[in-house]
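> got a sequence here, can you model it:
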Amino acid sequence: MRIKILNALPESHKLLSVNLHKKKYKGIIWKKEDVIVGDSLLLYKGWPKVHFNSDWYELAVQDVTRPKYTRRDIQFLLRVVSEFGIDPSLIIDVHCGSGRHLLELAKNGFHVVGFEGAELLRRKAIQKAKNSGLKIPFYPTADRFSNPFTGKADVVTTFFNSMGYTFSKKDDIERLSWISDLLKPNGLLLIDYRSAEFQMQKYNVLTKYDDEIRIPASDLTAIAITRKIIDKKILGAVETIYAPVQDRQKVVQRTSYGWELYLKDELRAMLDSCGIQMERAYQSYYSNKLMDGERVFLVGKKDT
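Prediction:
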């Protein structure tokens with residue numbers, strides 16, 4: 001199967017709202033022929049803007065974003081920061097999602113700031129902080145030339161992968177340059193990203209898997225059926241989610257998404273071009289028998 005990348009979202013793009021256990025969930029619906037045509041999987045450059053604003057996104061990843069895994073990430077982060085002898089006065093999380101890592105850091109007394117481009121996730125982060133009695137500022141991704149936090153951060157993190165989403169190395173270098181601008185001299189950048197080597201081996205043939213999605217505060221479950229394939233260092237995925245609506249399984253989300261893969265040496269060169277020297281690479285910073293080695297944690301230091 002080949003992957004074809006298109007600029008605009010499909011004309012069939014629409015939002016579908018369904019009620020499950022007295023709560024409304026909004027999902028993305030694209031026609032079947034807008035995700036797979038013949039032997040081609042269709043990807044769209046604008047997919048992150050809609051995917052991360054779907055209610056089904058956080059539901060689909062809830063099992064791998066549970067509090068115990070967030071605490072694991074923070075323990076790892078603090079250990080690495082300590083090994084570099086840094087006592088951070090400001091930690092910034094870029095692409096912070098609904099704020100789970102920042103909330104954990106703030107509860108441990110750290111001064112933190114979050115940037116998140118998806119409006120739905122940012123609203124959730126603001127509400128979670130308010131409910132927890134924490135004062136955490138959350139911003140949409142700011143223009144690098146009018147950013148009040150330029151040169152202020154001791155540590156910048158980006159968890160749960162945010163690389164390659166626009167299928168443009170130029171875009172990713174610009175994003176890394178913006179992140180570099182946030183750091184003080186000798187500040188640390190910690191990037192959690194998906195291993196290109198692992199994915200190229202795992203998804204070199206079309207791979208299908210099913211996941212159960214628990215509907216909060218109910219006994220209901222949805223099913224996400226995902227198919228993934230690699231084509232020329234682009235990973236593409238088609239996702240269809242079925243949920244029990246009025247006693248029958250109904251498609252509540254159908255979309256495609258993907259990202260460009262970067263080998264470690266490519267990322268090293270990209271960081272170097274932004275004034276950040278790669279210091280360490282943790283090939284598997286957490287243990288998972290099914291996905292061992294999938295996630296890599298890179299640590300870079302800003303030039304003086």
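> dihedrals phi and psi, residue 44?
phi -130, psi 130 (degrees, to the nearest 10).
> quick one: pLDDT of the residue of the chain positioned farthest from its centre?
The outermost residue of the chain relative to its centre, with distances by CA atoms, centre = their mean, is residue 247 at 33.0 Å. Looking at residue 247, its pLDDT stands at 83.
> likewise residue 205?
For residue 205, the predicted pLDDT is 90.
> contact partners for the nearest residue to it once chain neighbours are set aside?
What sits nearest to residue 205 in space, not counting adjacent residues and going by CB to CB, 6 or more residues apart in numbering, is residue 229, at 7.4 Å. From N, CA and C alone the C-beta is placed, and that goes for glycine too. For residue 229, the contacting residues are 1, 3, 41, 203, 205, 206, 207, 235, 236, 237, by CB atoms under 8 Å, 6 or more residues apart in numbering.
> does residue 229 sit in a helix, a strand or a coil?
strand (DSSP: H, G, I helix; E, B strand; the rest coil).
> and the buried ones among the contacts of residue 229, selectable in PyMOL?
In PyMOL, this line selects whichever of these come out buried by 16 or more other CB atoms under 10 Å:
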select buried, resi 3+41+203+235+236+237
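> can you list the neighbours in contact with the least confident helix or strand in the chain by mean pLDDT?
Sorting the helices and strands of the chain by mean pLDDT, DSSP states H and E puts helix 196-202 at the bottom, at a mean of 88. By CB under 8 Å, 6+ apart, the residues outside helix 196-202 that reach it are 230, 233, 235, 261, 262, 263, 264, 293, 294.
> can you check the pLDDT for the last one?
Per-residue pLDDT puts residue 294 at 81.
> what do you get for residue 286?
59.
> quick one: the longest helix anywhere in the chain to chain centroid distance?
Longest helix in the chain, counting residues (DSSP state H): helix 67-83. Its chain's average C-alpha position is 17 Å from that of helix 67-83, according to CA atoms, centre = their mean, to the nearest Å.
> contacts for it next, please.
88, 100-101, 104-105, 108, 155, 157, 159, 188, 190, 192, 280, 285-286, 297, 299.
> okay, now the unreliable bits of the chain?
142-146, 284-293 (pLDDT under 70).
> break it into its domains for me.
What automatic domain parsing lists as the domains of the chain is 2-48+197-260, 64-193+278-302.
> tell me the most buried of these?
domain 64-193+278-302 (a mean of 18; mean count of other CB atoms under 10 Å).
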